[in-house]
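> With the sequence up front, the predicted model follows.
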Amino acid sequence: MDSGIGTDQDLQQVVTTGADGCVEITLTCTADVNTAQTVLTFYQAGVDVGTLVGTGSATAALTCNDAGELTYTTPLGSGVVDQVECTSI
């Protein structure tokens with residue numbers, strides 16, 4: 001997904017599997033400049049389902065739900081994620 005906002009950055013992924021067989025992916029987005037606003041945007045079928053903002057970098061975990069789909073959880077709830085965009089502003 002490319003929202004056209006900011007500068008695309010590399011997205012680092014670390015994949016682990018829990019004892020229950022559930023996959024967890026830890027995502028880290030790092031800006032070229034450590035004082036830049038860094039944004040991870042999460043999408044399902046092209047629809048924005050959540051955003052995480054950091055300064056210099058942002059890190060988030062995607063975990064699987066009971067159906068085996070990757071989800072991103074916020075204080076407002078969680079949503080299935082099929083794409084992630086990493087940008088800096």
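Great, that's in hand. Numbers count the residues shown, from 1 in each chain.
> can you map out the strands along this structure?
7-8, 11-17, 23-30, 37-44, 47-55, 57-64, 70-74, 77-80, 83-88 (DSSP state E).
> Adjacent strands (with direction) for the last one?
Its sheet considered, strand 83-88 pairs with strand 7-8 (antiparallel), strand 37-44 (antiparallel) by DSSP bridges.
> lowest-confidence stretch among those?
Ranked by mean pLDDT, the strands paired with strand 83-88 end with strand 7-8 at the bottom, a mean of 89.
> Run the chain-centre distance for it.
Computed by CA atoms, centre = their mean, to the nearest Å, the separation of strand 7-8 from the middle of its chain amounts to 14 Å.
> neighbouring contacts of it?
Asp2, Asp32, Glu85, Cys86, Thr87, Ser88, Ile89 (CB atoms under 8 Å, 6 or more residues apart in numbering). C-beta here means a position set from N, CA and C on the backbone, and glycine is covered the same way.
> wait, which of these is closest to Phe42?
Nearest to Phe42 among these is Glu85, at 8.2 Å by CB to CB.
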